[in-house]
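> Mind folding the following:
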Amino acid sequence: MDKATVRTRVWDALERTGNARFPFPPHGRIPNFADAATGADRLAQTTVWNDATTIKCNPDAPQRPVRRRALLEGKVVYMAVPRLREAACFLRLDPETIDDIDSATTIAGSAAAGTQCRPEAVEPIDLVVSGSVAVDTAGNRIGKGEGYSDLEFAVLRAFGLVDDATPTATTIHELQRIDATPERAPHDVPMDLVVSPERTEHSSHREKPEGIRWELLDETDIKEMPVLEVLAEDRSD
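The predicted structure follows:
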């Protein structure tokens, strides 16, 4: 079973059982799910969460409770600018400068409340939280298929802001748990913690991708993402 088939089965299951939440349909996106806030609360009970002061989180709806909880607890949250299309490709949300935390956890509100910054201005990341379509029992993650979550990790690693020891986590519905994923690609970032409203699973620590897999990118990709242009120039020097 390939990744596309897994995605479709998970999206269909969430929709069929009534566990999908706005935005609809769940297909083609990181799906929002029932009781996502409880998953965020469960993540907040873990040691890696409590030890973290700086978190990189995806902007999708199911992880909005994670972003909200982080800001309420005084943690700095970084989000990537969509598709890394700007030189200042990360958005920094500092709870000390935010008046309306609920608004700042939305995509539009975060753009207004946050400060865009280049990777070299980003603080070292203590925890990476990713959205998922499906995750298996070993922590292998399937996203929506565009590859940006893994690329964002690779960019952070290229700037020395994450490494093998940086914890990675995802919050999901139980319907998003699967027994096994198709073979993990070298650029896929494994999840150390897989958290649902019902349970938390820890995966054994594994090496994470070392950096950008240039062979997977073409000239158009590099030109559309200024940070890749800079890294490509440094690589060729």
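
> Next, the buried residues of the top helix by length along the chain.
Across the chain, the helix with the greatest residue count (assigned by DSSP state H) is helix 3-16. For helix 3-16, burial by neighbour count (16 or more other CB atoms under 10 Å) applies to 3, 6-7, 10-11, 13-14. Where you see a C-beta, it was placed from the backbone N, CA and C, and this is true even at glycine.

> what are the bridge partners for the residue positioned nearest the centre of the chain, then?
Centroid-nearest residue in the chain, with CA atoms, centre = their mean: Ser130, separated by 2.3 Å. Note on Ser130: beta-bridge partners Thr170, judged by DSSP bridges.

> Report the separation between it and Lys223.
Noted for Ser130: a distance of 26 Å to Lys223, by CB to CB, to the nearest Å.

> correct me, but Thr181 touches Val6?
Yes. Between Thr181 and Val6 a contact is recorded at 6.8 Å, counting by CB atoms under 8 Å.

> got any residues that touch both of those two?
134, 142 (CB atoms under 8 Å, 6 or more residues apart in numbering).

> can you list the weak-confidence ranges in this protein?
Applying pLDDT under 70 to the chain flags residues 205, 236-237.

> let's go with 80 and repeat that
Along the chain, the parts satisfying pLDDT under 80 run over 1, 183-184, 204-206, 234-237.

> just the strands in it please.
Taking DSSP state E, the strands of the chain run over residues 54-57, 76-80, 90-93, 115-117, 127-130, 134-136, 141-142, 168-171, 177-178, 193-195, 200-202.

> helices or strands up against the longest helix of the chain?
Judged by 3 or more CB pairs under 8 Å, 6 or more residues apart in numbering; DSSP states H and E, the packing partners of helix 3-16 are strand 134-136, strand 141-142.

> out of those strands, nearest to Leu43?
strand 134-136 (13.5 Å; CB to CB).

> how distant is the closest one from the center of its chain?
Put simply, strand 134-136 sits 14 Å off its chain's centre (CA atoms, centre = their mean, to the nearest Å).

> So which other helices or strands are in contact with it?
Partner elements for strand 134-136 (3+ CB pairs under 8 Å, 6+ apart): helix 3-16, strand 141-142, strand 177-178.

> Of these, which is nearest Gly211?
Across the helices and strands packed on strand 134-136, closest to Gly211 is strand 141-142 (CB to CB), at 18.4 Å.

> List the strands paired with the closest one, with their directions.
strand 134-136 (antiparallel).

> Return the set of buried residues in the partner strand.
Counting neighbours by 16+ other CB under 10 Å, strand 134-136 gives 134-136 as buried.

> Is it possible to get JSON lines of these that adds distance to Trp214?
As requested, the buried residues of strand 134-136 are exported to JSON lines (distance: CB to CB, whole Å):
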{"residue": "Ala134", "distance to Trp214": "27"}
{"residue": "Val135", "distance to Trp214": "27"}
{"residue": "Asp136", "distance to Trp214": "28"}
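
> Just name the closest of those residues to Cys89, please.
Using CB to CB, Val135 comes nearest to Cys89 of these, at 25.7 Å.

> pretty sure that closest one is touching Ile142, no?
Yes. Val135 is within contact range of Ile142, at 7.2 Å (criterion: CB under 8 Å).

> any residues in contact with both of these two?
The contact sets of Val135 and Ile142 overlap at Thr181 (CB under 8 Å, 6+ apart).

> Can you tell me what sits against the longest helix of the chain?
Residues outside helix 3-16 that contact it (CB under 8 Å, 6+ apart) are 19-20, 25-28, 31, 33, 133-134, 142, 144-145, 173, 175-176, 178, 181-182.

> Give me the buried entries from these.
Applying 16+ other CB under 10 Å to the contacts of helix 3-16 flags 19-20, 26-27, 31, 33, 133-134, 142, 144, 173, 175-176, 178, 181 as buried.
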